[in-house]
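Novice: sequence first, predicted coordinates after that:
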Amino acid sequence: MNDLTALLPTGIQIGYLIAASLFILGLKKLGSPATARNGNVLSASGMLLAVVVTLLDQQILNYQWILMGVAIGSVIGVIIAKTVAMTAMPQMVGFLNGLGGAASALVAMGEFWRLVHGEATVPLDATITVILGIFIGGATLTGSLVAVGKLQGVISGKPVTFPLQQPVNIALIIGFIVSSGFLIASPSSQIPLFVMIGTATVFGILFVLPIGGGDMPVVISLLNSLSGLAASAAGFVVMNNMLIIAGALVGASGLILTEIMCKGMNRSLVSVLFGAFGGGESGAPGASGSDAADKVVRSIGSEEAAMMLRYARSVVIVPGYGMAVAQAQQAIQELVVLLEQGGVDVRYAIHPVAGRMPGHMNVLLAEANVPYTQLYDMDEINPQFEQTDVALVVGANDVVNPGARHDAGSPIYGMPILEVDKAKNTIVIKRSLGTGFSGIQNELFFKDNTTMLFGSAKEMLGELVSEVKQL
Amino acid sequence: METTLIASLFVFVLAAFVGFEVINKVPPTLHTPLMSGANAISGITVIGAVLIAGAGGSSTVTTILGFIAVILATVNVVGGFLVTDRMLQMFKK
């Protein structure tokens, strides 16, 4: 019996080692749609293993709180995972990020409290990791909640700024550092701890508020990375390699996705995070929009558009978030199936920032039963537009604006776009000639080989479906 | 204490490199499930929460903080893995 208890700590560590391996294998399997679901199951079993071996830890003396917490958390988790709409996925990820950050901060605080009231002196390195845990975790929580509010439309999507915002942010950080110093000097006093919690959470809010709604995908990715770092910080607090490894993996993944989103929007991370301060929005949108009046727009009806699509050899569909908002995914897939039955080669072109987070559009189309083999990334599809008979743009705007290639004065200049203007014909389904979220006029609409099909995405696709059926 | 901290730093940095290598190869199609899956993994902090919530004999404050942390982290883990699975089951050839 004694031998067994002596072996227990080693057993727990080996359990963690296996769990960490399962996480890495699981993430690796997420690299292909064919194995991704298995990969997720592997990661989940790694998590289960990690939790189970932790329960064997002899430091744990009472289980009632743990079991109750796990039960409550599981019920809430199951409910939200089953009910959330796929269009709300960015909010969901943001919300869960926030919870993860909050949990990490609470772990740091709880452990600190235990140390202060247990040992004679709290080691310096323990205090420092606690400080890091509180800052990263607290800021992740409130930053995520603001991001969720902006995505949901509860908080204005416009950059919210007020005078002296930057000095206030700096003051908050200084306040945090000073109170950290006090905490290190006298760990048992509680005021510095509360000041630290307050400044970290307020900082999270003020940091995300000035960032525009269009940049939220970048912020969500970055917060994802931060929630990983928060877990790592909590790992340093309780000196647990499992937390450190898993947190580092997530931190790395969040950073990569942040970089991808920035590239897709041709923005630097710095300009996303601090753009509202620098007054970088110099381009006057009215200037390029005013000359719209003397340009010619060709508009067609659904009957003619249906004929173009039906008798084309190849069609590329460019869906944007507008399509998802209109809930037109099913209608679009119905049209695609009809065209394919008629022998038309149909593909989808997906811009890296289509949707509200990286890869969001792929999920929305998957939900409408579009096979992932039909979805093409920007780099794959762009060289193929020249051989495409018809490009059909539904609910996308800025990501197909050719102005991004040559108009140096345009705010989206340099942003990689889907080159639908190179297709032989382009049909754009849109309510009006209104501008996208960047507020600039799209010169695609005035090209000779572009025709506009005015109307809401869902209605027009419905009409196209019935017209194609009659052909 | 010093040496364990340094050893942990080694673990942290090496794990971050592994993360970069593994995740760089994920195609854009899967970026949303990747993010929510990774997000679920960051719920690993549930282990820290469990250790704290169950550390009997210590102060009530620690237990309460740990209890709340267990709830939040469990929502993160369970919600994250389930919603990722929900997405991935929709990806068909």
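Specialist: Yep, it's here.
Novice: okay, CA-based contacts and neighbour counts for the rest of this
Specialist: Fine.
Novice: got phi/psi on the residue positioned nearest the centre of chain A?
Specialist: Central residue of chain A (Cα atoms, centre = their mean): A:Met357, 3.6 Å from the mean position. In terms of degrees, to the nearest 10, the main-chain angles of A:Met357 are phi -160, psi 170.
Novice: let me see the contact set for the closest residue to it other than its chain neighbours.
Specialist: Nearest residue to A:Met357, sequence neighbours excluded (Cα to Cα, 6 or more residues apart in numbering or on different chains): A:Pro217, at 4.6 Å. Neighbour list for A:Pro217: A:90, A:261, A:356-358 [criterion: Cα atoms under 8 Å, 6 or more residues apart in numbering or on different chains].
Novice: what pLDDT is listed against A:Pro217?
Specialist: A:Pro217 is assigned 82 on the pLDDT scale.
Novice: and A:Val428, what does it touch?
Specialist: The contact partners of A:Val428, taken as Cα under 8 Å, 6+ apart, are A:392-394, A:445, A:450-454.
Novice: in a strand, it, correct?
Specialist: Yes - A:Val428: assigned to a strand according to DSSP: H, G, I helix; E, B strand; the rest coil.
Novice: and it, bridged to which residues?
Specialist: Per DSSP bridges, the residues bridged to A:Val428 are A:Val393, A:Met452.
Novice: one step back: got a list of what the residue nearest to the centre of chain A touches?
Specialist: Contacts of A:Met357 by Cα under 8 Å, 6+ apart are A:90, A:216-218, A:220, B:32.
Novice: mind checking which of those are in helices?
Specialist: Those of the contacts of A:Met357 mapping onto helices are A:90, A:216-218, A:220, B:32, per DSSP state H.
Novice: the helix or strand where B:Val50 lies close to chain A?
Specialist: Element membership of B:Val50, judged by DSSP states H and E, is helix B:45-53. Yes - judged by Cα under 8 Å from any Cα of the partner chain, helix B:45-53 and chain A are in contact via B:45-53.
Novice: roughly how far out does that helix sit from the chain middle?
Specialist: Put simply, helix B:45-53 sits 12 Å off its chain's centre (Cα atoms, centre = their mean, to the nearest Å).
Novice: and it, C-alpha only, in CSV?
Specialist: What follows is helix B:45-53, C-alpha atoms only, in CSV (Å, rounded to 0.1, in the frame of the first residue of the first chain):
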residue,chain,number,x,y,z
THR,B,45,-6.4,25.6,-16.4
VAL,B,46,-9.2,23.4,-15.0
ILE,B,47,-6.5,21.3,-13.5
GLY,B,48,-5.1,24.2,-11.6
ALA,B,49,-8.6,25.0,-10.5
VAL,B,50,-9.2,21.4,-9.3
LEU,B,51,-6.0,21.4,-7.3
ILE,B,52,-7.0,24.6,-5.6
ALA,B,53,-10.6,23.9,-5.0
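Novice: buried stuff in stretch A:385-395?
Specialist: Across stretch A:385-395, burial judged by 16 or more other Cα atoms under 10 Å in any protein chain shown covers A:385-386, A:388-395.
Novice: span of that stretch from start to end?
Specialist: 19 Å (Cα to Cα, to the nearest Å).
Novice: and the next helix or strand past the helix or strand bottoming out on mean pLDDT in chain A?
Specialist: Least confident helix or strand of chain A, by mean pLDDT, DSSP states H and E, is helix A:285-290 with a mean of 42. The helix or strand immediately downstream of helix A:285-290 is helix A:302-310, counting by DSSP H and E.
Novice: and residue 60, what's its pLDDT?
Specialist: Since you didn't name a chain, this refers to chain A. On pLDDT, A:Ile60 comes in at 86.
Novice: ah, no, chain B please
Specialist: 87.
Novice: correct me, but A:Val465 touches A:Leu339?
Specialist: No - in this structure, A:Val465 is not within contact of A:Leu339 by Cα atoms under 8 Å, at 9.2 Å.
Novice: pull the number of nearby residues for A:Gln374.
Specialist: A:Gln374 sits with 11 neighbouring residues when counted by other Cα atoms under 10 Å in any protein chain shown.
Novice: equivalent analysis for A:Pro192, please.
Specialist: With other Cα under 10 Å as criterion, A:Pro192 counts 22.
Novice: my guess is it meets A:Ile177, correct?
Specialist: No - here A:Pro192 does not reach A:Ile177: they are 10.0 Å apart, not a contact under Cα under 8 Å.
Novice: picking that back up, export the ones in helices among the contacts of A:Met357 as JSON lines, with columns for distance to A:Gly138.
Specialist: Listed next are those as JSON lines, based on distance: Cα to Cα, whole Å:
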{"residue": "A:Pro90", "distance to A:Gly138": "20"}
{"residue": "A:Met216", "distance to A:Gly138": "19"}
{"residue": "A:Pro217", "distance to A:Gly138": "20"}
{"residue": "A:Val218", "distance to A:Gly138": "19"}
{"residue": "A:Ile220", "distance to A:Gly138": "15"}
{"residue": "B:Thr32", "distance to A:Gly138": "24"}
